[in-house]
Every structure is written in structure tokens, then in C-alpha cells.
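A.B. asks: here's a sequence, model it:
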Amino acid sequence: MPSHEQLSAQLNQEATGYSLEELTPESPGSTLAAARELLFEYGHFVASQENVASFCYGTLEQEAIALPKSYIEQGGGAILAFAGNQPAGFVAWRSLANPALSHAWELKRLWLRPNARGLGIGRALIQAVINRAMAAQKSAILLDTEPQSMASAYQLYQKMNFNECAAYNGRPLPGIVYMCRNL
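C.D. replies: Residues are numbered from 1 along each chain as shown. Predicted structure coming up:
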């Protein structure tokens, strides 16, 4: 039986005209192509940011080409958001290689097209990952972000009870903030 929070999210999605679709290897080619396009938009945005370009673009092309296997093979997945019938947003998650973090997932590549911002889609994408993490008995979600150029995402993370934490994926990078939400 769905929880009150899940029913509320479903009603909110219906009322606002957006929907979420988890990507699978059986997803239609057009759906995977739309997800790749959103990932590349995210990558172009990141590459255009003075403070961000070096922190996450390296593996993005390989991730996009192998969607969704690139995340599934890392113990995670990916979700595509639609506003009406138009691709509007993307998020992915994965397990971390560090055995000490086997209790956690890492939230990756949250991206919304500018015309889809402010509709609750970003919150819904993050909540969908949180719901999956809880169902998978994970106890935390980790992420990294750059608050200056990704201010809206940073504020949303804070509103959704993510707190700053120590770097969890190697040495800290200048300007990058690491965050955690305990579940």
C-alpha cells in the first residue's frame, strides 16, 4: 500500500502535469535518447561554469552512451522526468566503491531544463531516489554540488534535509560542497 507521502507525490504529479519514468534496458530508444540529451545539456552547463568544469564532466560521455546500464551496473539507476510529454529533467544514483559507504547511494546529475524549473520536478526526482534508497534499505544519500553556479539545486538540497559533510569521494575539490541526508 502506498504511503501518504507517495500518494501526495502522485497527486501532485498529476495536478502539475509532470511524470517520472525510471530508465531500464528495455526503455524505448526515444526515451533513452531524451535522457542522453538531458545529460549532455547538464554537461554543457557544467563545462561552461568557471568553478565547476573539472569536478564531474570526465565520465559523463561514457555514462550517457551506456544509459541506463552505466548506473545499473554501479548498483543504481536513472529517472527521466517529463513535463506533459516533453523530457524535462534527469537524475541518477549509484552505489559507491568504498565498502565503508555500502549503506549509502550517491545522487548524480540532477538536471532540469530551464522551462521546467519551479514546477516541483526537481523535488520529485530527488524524492524518487530517496524512496528507492529507503526501499533498498540504504541509510544515507550523498552528493556533491557547487553552490555558486548551482544555487537553486543547493537550496533545494538544504530544504530536503541534506546537510554539508566531509568529502566522501576522494580529496575535496575547491568550491565543491559535499552533502548527506540520513534516511
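
A.B. asks: and the longest helix along the chain, what's buried?
C.D. replies: Assignment by DSSP state H gives helix 29-48 as the longest helix of the chain. If you call a residue buried by 16 or more other C-beta atoms under 10 Å, then helix 29-48 has these buried ones: 31-32, 34-36, 38-39, 41-43, 46. (Each C-beta comes from the backbone N, C-alpha and C, glycine too.)

A.B. asks: tell me what it is packed against?
C.D. replies: Applying 3 or more C-beta pairs under 8 Å, 6 or more residues apart in numbering; DSSP states H and E, one finds that helix 29-48 contacts helix 60-65, strand 77-83, strand 86-95, strand 104-112.

A.B. asks: give me the nearest residue to the one residue sitting closest to the centre of the chain, chain neighbours excluded.
C.D. replies: By C-alpha atoms, centre = their mean, the chain has its centre lying nearest to residue 91, at 2.9 Å. Counting by C-beta to C-beta, 6 or more residues apart in numbering, residue 125 is the residue found nearest to residue 91 once chain neighbours are left out, at 4.1 Å.

A.B. asks: picking that back up, what sits against the residue nearest to the centre of the chain?
C.D. replies: Contact analysis of residue 91 by C-beta atoms under 8 Å, 6 or more residues apart in numbering lists 78-79, 81, 107-111, 125-126, 128-129.

A.B. asks: below-threshold pLDDT in this protein: ranges please.
C.D. replies: Along the chain, the parts satisfying pLDDT under 70 run over 1-16, 51-58.

A.B. asks: beta-bridge partners for the nearest residue to residue 81 once chain neighbours are set aside, please?
C.D. replies: Nearest non-adjacent residue to residue 81, counting by C-beta to C-beta, 6+ apart: residue 89, 3.6 Å away. For residue 89, the beta-bridge partners are residue 81, residue 112 (DSSP bridges).

A.B. asks: residue 89 and residue 38 touch, don't they?
C.D. replies: Yes: because the distance of 6.9 Å satisfies C-beta atoms under 8 Å, residue 89 is recorded as touching residue 38.

A.B. asks: which residues are common contacts for these two?
C.D. replies: Contacts common to residue 89 and residue 38, judged by C-beta under 8 Å, 6+ apart, are 80, 111, 113.

A.B. asks: how about JSON lines for those, with neighbour count added?
C.D. replies: Listed next are the shared contacts of residue 89 and residue 38 as JSON lines, based on neighbours: other C-beta atoms under 10 Å:
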{"residue": "80", "neighbour count": "23"}
{"residue": "111", "neighbour count": "23"}
{"residue": "113", "neighbour count": "17"}
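
A.B. asks: OK, contacts around residue 103?
C.D. replies: 138-140.

A.B. asks: out of those, who has the most neighbours?
C.D. replies: The most crowded member of those, judged by other C-beta atoms under 10 Å, is residue 138 (20 neighbours).
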